[in-house]
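[1] Sharing a sequence plus its predicted fold:
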Amino acid sequence: MTASQLHITGDEQADALLASDPNALLIGMVLDQQVTMEKAFSGPAVIAERMGGHLDVPAIAAADPDEFAALCSRPPAVHRFPGSMAGRVQGVCRVLVESYAGDAANLWADVPNGALLRNRIGKLPGFGVQKAAIFLALLGKQYGVQPDGWREAAGGYGEDGSRLSVADVVDDESLAQVRAAKKAAKAAAKAVTVKA
């Protein structure tokens, strides 16, 4: 399954790649850390363009780590931390090649329920509980991947009408609402830390 269209990056070509290529969507989620959502999810299109126009998961998995890090570091860099994130992308691509025939769609192709899918996602390099729940919500809300119990397995991120994560970004208005929610969550966490 794929999405008919996504509106995450503000770049039509990058969004079209995310909508049509499950590997691109997963790699975008890998990169979604310490940069804006738009920057993170634009990364797969940048990598694809630098690899000759195609996001080749087996080639990424097999690439020399220094050469792939250099590809990700070339201006404009794919990520704020291009070297370490290049390693994470390669790690996820290796798992895809070794366990899922090089295709992220195989992560969810035969999964009977949301909890199992969340756990599968959570075992990928760089994915913890929260990131796995967000990606599960993104798959369910925008990619049509909805195994039994997916909303419950995604927690608050799976709730209909929530504005908590990239899973909820469908236009500029929802992007602004997600940003506001993230800002409020950071402020609340900071207030708790200061009190402690």
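    Thanks, I have the structure now.
[2] And Asp171, its phi and psi?
    phi -170, psi -180 (degrees, to the nearest 10).
[3] Need the three-state assignment for the residue lying closest to it once chain neighbours are set aside.
    What sits nearest to Asp171 in space, not counting adjacent residues and going by CB to CB, 6 or more residues apart in numbering, is His7, at 5.6 Å. Backbone N, C-alpha and C define where each C-beta goes, glycine included. When classified by DSSP: H, G, I helix; E, B strand; the rest coil, His7 comes out as coil.
[4] For His7, the count of nearby residues, please.
    By the criterion of other CB atoms under 10 Å, His7 has 17 neighbours.
[5] is it true that it touches Val170?
    Yes: using CB atoms under 8 Å, His7 is in contact with Val170, at 5.6 Å.
[6] Touching stretch 183-190 from outside, list them.
    Applying CB atoms under 8 Å, 6 or more residues apart in numbering, stretch 183-190 has no contact partners.
[7] Return the set of buried residues in it.
    Buried residues in stretch 183-190, defined by neighbour count with 16 or more other CB atoms under 10 Å: none.
[8] And the helices in the chain, which stretches?
    For the chain, the helices defined by DSSP state H occupy 12-20, 22-31, 37-50, 57-62, 65-73, 82-100, 105-108, 114-122, 129-142, 150-153, 172-195.
[9] winner for burial among those helices?
    Greatest average neighbour count among those goes to helix 22-31 (a mean of 26), per mean count of other CB atoms under 10 Å.
[10] and the residue nearest the centre of the chain, how far is that from Gln146?
    Central residue of the chain (CA atoms, centre = their mean): Met29, 1.3 Å from the mean position. Separation of Met29 from Gln146 (CB to CB, to the nearest Å): 18 Å.
[11] looking at this protein, which helix or strand is least sure?
    In the chain, no helix or strand scores lower on mean pLDDT, DSSP states H and E than helix 172-195, which sits at a mean of 83.
[12] mind listing what Asp148 touches?
    112-114.
[13] will you turn the residues you listed into JSON lines that also has pLDDT and distance to Ser165?
    JSON lines is the format used below for those (pLDDT from 0 to 100; distance: CB to CB, whole Å):
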{"residue": "Pro112", "pLDDT": "95", "distance to Ser165": "24"}
{"residue": "Asn113", "pLDDT": "97", "distance to Ser165": "21"}
{"residue": "Gly114", "pLDDT": "97", "distance to Ser165": "16"}
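[14] what about this structure, any weak spots by pLDDT?
    1-3, 194-196 (pLDDT under 70).
[15] at 80 what do you get?
    Residue ranges of the chain with pLDDT under 80: 1-4, 189-190, 192-196.
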